[in-house]
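J.: Model the following, please.
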Amino acid sequence: MFTTRPELAGTHGMVASTHWLASATGMAVLENGGNAFDAAVAAGFVLQIAEPHLCGPAGQVPGIFVTAKDRTPRVLAGQGVSPAAATPERFADLGLDLIPGSGLLPATVPGAWDGWLLLLRDHGTKSLRDVLGYAISYARNGIPLVSRVGDTIRAVRDLFTEHWPTSAALWLPDGEPAQGPHRNPALADTWERLLAEAESVSGREAQIDAGRHAWSQGFVAEAIEAFGRKAFRDDSGRDHAGLLTGEDIAGGEATYEEALQVDFGDWGLVKMGAWTQGPALLQQARLLDGLRDELSYVDGIPTERTVHLAVEAAKLAFADREAWYGDSPDVPIELLISREYADTRRALITEEASAGLRPGGPSPRLPAILEKLRGIESGSGATGEPTVGPLGETRGDTVHIDVVDAAGNMISVTPSGGWLQSSPTIPELGFCLDSRGQMFWLEQGLPNSLAPRKRPRITLSPSMGLRDGEPVLAFGTPGGDQQDQWQLCFWLAHTLGGLNLQESIDSPAWHTTAFPSSFYPRSWTPRELVVESRLGQSTMDALAARGHAVVDAGPWALGRLSAVSRSGGVLRAAANARGMQGYAAGR
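T.: Have a look, this model is predicted:
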């Protein structure tokens, strides 16, 4: 864990992320006079090269941030909508009852490029070339790929060689999975061309807007539309063309939104709206706030009762997610995160592990297909890395960045999508489309039902913490549906257990899969509880005795958390030790 004082001469800030090169890039920008937002943008682009199996140029970028001047947390909504042609009737005509998790059909309007550039324009200080240059260099000259990239490519080798030849050309050079320093010259060329079009006008902000336009209404959108007319294999087992058009992309812009906030004594917790799963963390924290006298940590380890109560709270919160959350104006979010609602729901938590989905609220409705999806084999969700099937379906993962600078600018951001295994590589662009549309339900009448030009309910879920109303903490993790469970582990360890940032990240984690996955094939396993063995055998045995189906994931397997903080005149940062890849840096 890194610590420094902002008043010290030469202090710049703190960066924590899921990859050491992204953290190093962010620090380089801070030390070159940039602020937290410049650093986050530069690090975000590097992650598209360093962790291509977890995020890409055509993905998404949701974030929560505060500025040095405005301490009210705001949301960066860099998530694109579904295509205009994405109707339930279209999928019914194709004989599908779930949206595939790979290929071209689940693609939404890319949101990452516009989201990063909007943030840079409005709150950064550097030019587009200043922040994009690091990623261009890595794409042009090569970046060392972590072993999990090769593992992912190996899992989809047959798909690439038999059905996605453009992906094979990029990720299977000489027929073997890419490894070591890997180059992506087509992507470097794409970024250089975007820069050239941006710099055809004068002025920092005008150049950034020109770069946005070159993507959404220029050669990038044209290439995406043309490529999408071709049919490719997806995890339905058949070939389908895409639905995304240049007109869809031209209409997509990132926006800012108000954040949701819940208070617990002198602490406050900030999340994104109900078009994400973020409010599930608020609901869990509300439920457990009324049980805080029964929650405890001993030598940095949560007690068995703490884990049991947290898991049961998660089941209630995520049942509400399935019944209520979505990009819909009818979500009763103020009710769902209220203290009064939590008081009524808390009574459902008993001494035994529950087995059913029990949403609350006024006339809740669950998808009719859920019972059919119970226990479907979809791979283990036990680690912080994606489980990738042979047809490119991914249970879900991403990357994460937290940055705070000496002035007090702070951001938590969770970029994702456009994974190398999501869909075929567009050869002239050097990247592929996302598969976020798989998160919609095709059944109608639900908050998260598919409709044209609607955002899917995403799992991406950055967080911010307040102390006495002042933003002091930014944190988050990859992990799909597990994000707001692993963040609960961190939150309890830090705010209740009294552990510091690094100790809270290192504390044993857990999660349940007792609610439907957001990823194809949408499986769920009632009573399953995945834990790190460092909880202790006696704790695992006691949880099993309560009826939990305990899965031992190993000692260091769950979560890829990172965090930064600014309080008491001190800046701090910490990162995940699991996987030996995350990194925190500061000066």
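J.: Ends of stretch 75-86, what's the gap?
T.: 26 Å (CA to CA, to the nearest Å).
J.: So what's the gap between that stretch and the chain middle?
T.: Taking CA atoms, centre = their mean, to the nearest Å, one finds stretch 75-86 lying 15 Å from the centre of the chain it belongs to.
J.: With stretch 418-428 instead?
T.: Averaging C-alpha positions (CA atoms, centre = their mean) puts stretch 418-428 18 Å from its chain's average.
J.: cool, and stretch 102-120?
T.: When C-alpha coordinates are averaged (CA atoms, centre = their mean), stretch 102-120 and its chain have centres 13 Å apart.
J.: Could I get the average pLDDT for it?
T.: Stretch 102-120 comes out with an average pLDDT of 98.
J.: end-to-end on it?
T.: End-to-end distance for stretch 102-120: 31 Å, by CA to CA.
J.: And stretch 246-254, by the same measure?
T.: End residues of stretch 246-254 are separated by 16 Å (CA to CA).
J.: next one: stretch 409-420
T.: 32 Å.
J.: Distance from it to the middle of the chain?
T.: Per CA atoms, centre = their mean, the centroid offset for stretch 409-420 relative to its chain is 6 Å.
J.: same check, this time on stretch 303-323
T.: 20 Å.
J.: again, but for stretch 158-172
T.: With CA atoms, centre = their mean, you get 26 Å for stretch 158-172.
J.: again with stretch 509-518
T.: Offset of stretch 509-518 from its chain centre (CA atoms, centre = their mean): 15 Å.
J.: end to end, how far does it reach?
T.: End-to-end distance of stretch 509-518 (CA to CA): 21 Å.
J.: so what's Ile99 up against?
T.: 91, 105-106, 437-440, 442, 450, 520 (CB atoms under 8 Å, 6 or more residues apart in numbering). Yep, even glycine has a C-beta here, placed from its N, CA and C like the rest.
J.: Identify, by residue count, the longest helix of this protein.
T.: Longest helix in the chain, counting residues (DSSP state H): helix 304-324.
J.: Give me the mean pLDDT for that helix.
T.: Mean per-residue pLDDT for helix 304-324: 98.
J.: For the most centrally placed residue in the chain, which residues are in contact?
T.: The residue lying closest to the centre of the chain (CA atoms, centre = their mean) is Leu460, at 3.2 Å. For Leu460, the contacting residues are 60, 62, 79, 276, 398, 414, 416, 483, by CB under 8 Å, 6+ apart.
J.: what about Ser533, how many neighbours?
T.: Residues within reach of Ser533, counting by other CB atoms under 10 Å, total 15.
J.: again, but for the one 3 residues further on
T.: Neighbour count of Gly536, defined by other CB under 10 Å: 16.
J.: Look at the closest residue to it other than its chain neighbours and report its pLDDT.
T.: Distance criterion CB to CB, 6 or more residues apart in numbering; nearest residue to Gly536, sequence neighbours excluded, is Ile301 at 6.8 Å. For Ile301, the model assigns a pLDDT of 97.
J.: now for the contacts of Leu460, which pair is the farthest apart?
T.: Largest separation among these by CB to CB: Gln79 and Gln483, giving 14.7 Å.
J.: Could you measure from the residue nearest to the centre of the chain over to Leu287?
T.: Using CB to CB, to the nearest Å, we find Leu460 at a distance of 23 Å from Leu287.
J.: lowest-confidence helix or strand of this structure?
T.: Scoring the helices and strands of the chain by mean pLDDT, DSSP states H and E places strand 2-4 at the bottom, with a mean of 77.
J.: Would you mind listing the buried residues in it?
T.: Under the neighbour-count criterion of 16 or more other CB atoms under 10 Å, strand 2-4 has 2, 4 buried.
J.: what does stretch 410-428 give?
T.: Residues of stretch 410-428 classed as buried: 410-426 (neighbour count, 16+ other CB under 10 Å).
J.: hang on, isn't the residue nearest to Gly536 packed against Arg534?
T.: Yes - in this structure, Ile301 is within contact of Arg534 by CB atoms under 8 Å, at 7.1 Å.
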